[in-house]
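Trainee: sharing a model prediction with you, sequence too.
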Amino acid sequence: MIIWGKIEDDYPTTRTALVESLDTNYNGIAVGKTLVTIGKDQKVPVRIVNLGTVEKHLREGSIIAGCHALEMIRNCSSENPDGTLMPSEPQVTKLLAEVKTILSKEQYTKAERFLREFSDILPSDEMDFGRTNLIQHRIDTGNTRPIRQQPRRLPLAKHQEAMDMIERMRQQGVVEPSNSPWCSPIVLKKRQVPWAHRVKGGSQHRPGQS
C-alpha cells in the first residue's frame, strides 16, 4: 500500500529524490524504492508492505525510510550502434504487424517508437493479464440481499474455452474458488484492437456505423 511520509530535513521543493528502506525493516514492514518529487509540504509517497501475517500499526513520527536527493536522471532508450531500434517484445512486433498496412511510413515510424518506449506496460503474452496493488477497494454489502440474475448458459462449443481461461487466471492468482451468492454468469467477448482495426485513412470507424 502507499502512505504519505514527511521528510525530517528541509529539501528544496520540486527536487527529485529516491525513497528507500533503511538498513533494517521497521517492525517487519518493508519499503519499496520510489522516485518522488518533493513538494512544498515536504511530503512524499512511501510504498510499504507488511511482511508478516499479523496486522501492524505505524505510529505518527516513526522513521521507516530514507530519502536521498538525486543529482541526475537520465532517460535511456535501447538502440543498436548503427542507430536502429533493437528488437523488442513479441507483443510489440505483433501490434506493429497489425497496423503496418494501414499506416504511412512516417506514421509507422512514430507508432514503432511509441510502442517501444512504453513496451514495459504491454503484456508479455496472453497469460500476462496485468494488475496493480496501488489501489485497493472493498464493497460493503451489509444486509443487502444478492441480486437475482437470469442464468446464462454458455454454448457447448465455448464451455472448454471458458474453463481454460478461468484456470489460467486461477494459476496467476487473479481469481480464486468461491461459492458466493453474489456470483455472476460468464460472458465471453472477443478481444479486439480498436486502434488497429477502426482507424484507416485518417477516418474513424465505429461498430454499428456504415
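Mentor: Great, that's in hand. Residues are numbered from 1 along each chain as shown.
Trainee: show me how far the top helix by length along the chain is from its chain's centre.
Mentor: Looking across the chain with DSSP state H, the single longest helix is helix 156-172. What separates the centre of helix 156-172 from the centre of its chain is 23 Å, taken as C-alpha atoms, centre = their mean, to the nearest Å.
Trainee: all the strands of this structure, in order from the start?
Mentor: Using DSSP state E, the strands found in the chain span residues 2-6, 16-21, 29-32, 34-37, 43-50, 65-69, 199-200, 203-204.
Trainee: between strand 43-50 and the second one, find me the angle.
Mentor: On the basis of axes from the mean of the first three to the mean of the last three C-alpha atoms, to 10 degrees, strand 16-21 is oriented at 30 degrees to strand 43-50.
Trainee: partner strands of strand 16-21, with direction?
Mentor: When pairing is defined by DSSP bridges, strand 16-21 lines up against strand 34-37 (antiparallel), strand 65-69 (antiparallel).
Trainee: in it, what's buried?
Mentor: For strand 16-21, the neighbour count (16 or more other C-beta atoms under 10 Å) marks 17, 19, 21 as buried. (C-beta placed from N, C-alpha, C; glycine too.)
Trainee: for stretch 59-71, the averaged confidence score.
Mentor: The pLDDT scores in stretch 59-71 average 81.
Trainee: ok, stretch 116-123 next?
Mentor: 76.
Trainee: what stretches of this structure score poorly on pLDDT?
Mentor: In the predicted model of the chain, residues 11-14, 72-89, 124-133, 191-210 satisfy pLDDT under 70.
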